[in-house]
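S.K.: missing the sequence, but the structure's below:
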């Protein structure tokens, strides 16, 4: 009887604890995004975090979010993984997860907006965790059961908090590519990005090195140094930001081949201005002239002599910290890519308004003497390498599709060559 009572109390306590956190999160989101009571919302943060996010900064972030995604309409569902809770939320312009991380005292350690995470039971046969700088990358390893060509591709995501499939709306480009490669005898490993699974490990001093580069390198070194994969050629495939940072990844990983999917060859801040101007021309109501002027002002400040490591994130593009932007300003991808002494494949879609043919041509011109570099341009493909028609817009990402087969064939041929 005592054991049963103890068990009952333990289970009740855990359920109550979980329920408390769920309700606390609901109340926080409503207080911040509906009531707009910033000071009260700020009180939900753990003291260790509250000092890093002053009330004024939280207010600025909230106002910026309001402009980008509109007001909160509804919380559709709530899921959790341990201390991390995902509130799948419908906003006026999109649907996202509000991701909250709780400490032991039910105070919040993290608040992020991330792409919706679907809670499917993972296949234990393909699950692989790789240690990387204090965390475990949560990933999926696919190895052909037969006709194994002894090639293994590691996927590196674009910017933002991406899961292993690089899910955007109903599209999962990394999953599409990995499954096609598997059917053609090519192994792959794709993992949830650090700022998706462990956003609390990044802070205002973090750069793209901690966000992207180090984990990609550690994943590559895991397979290079693992006796089970002796004889495999390791290939790193980067999309968008992953391709942009590929020269830096290559310097440390030193693998057999590299794939650049829609990687920007120009500085990121230049692309931001171009993107905002394009989106404004498409729909001035969603991206007003004021938003364009604001990003231009932020980029001008970033490029000015006044910018320094103490510059506030609120005055910088994307709300990213000064150390983050300093790293990117010092980085010269066109200079660094010339140091890669391995075959490279550059792919670019013609319906991509985020990274354009200008970037593709810059890579091509920079590497015109490199006979091992392959360049493929696909006029009808979007940033996700999904075919479409008409003038490209954010609505392309809302339309369910599959990664283009011709691109997949060209990619496979490059890997197997």
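M.R.: That came through fine. Just so we're clear, the structure is a prediction, and the values are computed from it rather than from any experiment.
S.K.: measure the closest residue in space to residue 234 that isn't next to it in sequence to residue 128 for me?
M.R.: Taking C-beta to C-beta, 6 or more residues apart in numbering, and ignoring the residues beside it in sequence, residue 234 has residue 255 as its nearest neighbour in space, at 4.1 Å. The way it works is simple: take the backbone N, C-alpha and C, and place the C-beta from them, glycine included. With distances defined as C-beta to C-beta, to the nearest Å, the gap from residue 255 to residue 128 amounts to 18 Å.
S.K.: Can you point out the buried residues in the strand or helix carrying residue 59?
M.R.: Following DSSP states H and E, one finds residue 59 within helix 55-69. For helix 55-69, a neighbour-count test (16 or more other C-beta atoms under 10 Å) marks 57, 58, 59, 60, 61, 65, 69 as buried.
S.K.: what helix or strand is the spatially closest residue to residue 142 that is not a sequence neighbour on?
M.R.: In space, not counting the residues next to it along the chain, residue 142 is nearest to residue 182; the distance is 4.7 Å by C-beta to C-beta, 6+ apart. Counting by DSSP H and E, the element that carries residue 182 is helix 173-183.
S.K.: got a list of contacts for that helix?
M.R.: Counting by C-beta atoms under 8 Å, 6 or more residues apart in numbering, helix 173-183 makes contact with 140, 142, 144, 153, 155, 157, 164-166, 187-188, 190, 237, 239, 384-386, 402-403, 408, 411-412, 415, all of which sit outside it.
S.K.: now with 7 Å?
M.R.: Around helix 173-183, the neighbours that count as contacts under C-beta atoms under 7 Å, 6 or more residues apart in numbering are 142, 144, 153, 155, 164-166, 188, 190, 384-385, 402-403, 408, 412.
S.K.: again, but for stretch 221-229
M.R.: Under C-beta under 7 Å, 6+ apart, the answer for stretch 221-229 is 130, 152, 232, 234, 253.
S.K.: For those residues, name the two members farthest from one another.
M.R.: With C-beta to C-beta as the measure, no two of the contacts of stretch 221-229 lie farther apart than 130 and 232, at 15.3 Å.
S.K.: okay, these two: which has more neighbours?
M.R.: In this comparison of residue 130 against residue 232, neighbours counted by other C-beta atoms under 10 Å, the higher total goes to residue 130 at 21 against 18.
S.K.: so who does the more buried one touch?
M.R.: Residue 130 sits next to 136, 137, 139, 218, 219, 222 when contact means C-beta under 7 Å, 6+ apart.
S.K.: Buried members of the residues you listed into ChimeraX, please.
M.R.: Selecting only the buried entries of those in ChimeraX, with 16+ other C-beta under 10 Å as the criterion:
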select :137,139,218,219,222
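S.K.: After the biggest strand by length in the chain, which helix or strand is next?
M.R.: Criterion DSSP state E: the longest strand present in the chain is strand 72-81. Moving toward the C-terminus from strand 72-81, the first helix or strand encountered (DSSP H and E) is strand 84-91.
S.K.: Neighbouring strands - and their directions - for that next one?
M.R.: Within its sheet, strand 84-91 is paired with strand 72-81 (antiparallel), strand 95-102 (antiparallel), according to DSSP bridges.
S.K.: now it and helix 55-69, what's the angle there?
M.R.: Comparing the axes of strand 84-91 and helix 55-69 via axes from the mean of the first three to the mean of the last three C-alpha atoms, to 10 degrees yields an angle of 50 degrees.
S.K.: picking up where we left off before, so which of the contacts of helix 173-183 are in strands?
M.R.: Helix and strand membership here follows DSSP E; of these, those in strands are 142, 153, 155, 188, 190.
S.K.: can you tell me which two in those residues are farthest apart?
M.R.: 142 and 155 (10.8 Å).
S.K.: who's more crowded, the two?
M.R.: More neighbours sit around residue 155 than around the other of residue 142 and residue 155, counting by other C-beta under 10 Å; the figures are 28 against 22.
S.K.: and the residue nearest to the more buried one when sequence neighbours are not counted, what pLDDT?
M.R.: Spatial nearest neighbour of residue 155, excluding adjacent residues (C-beta to C-beta, 6+ apart): residue 190 at 4.1 Å. We have a pLDDT of 98 for residue 190.
S.K.: what's the neighbour count on residue 190?
M.R.: Using other C-beta under 10 Å, residue 190 has 26 neighbouring residues.
S.K.: hey, what's it bridged with?
M.R.: residue 140.
S.K.: That one and residue 290, how far apart?
M.R.: Looking at residue 190 against residue 290, where the rule is C-beta to C-beta, the gap reads 39 Å.
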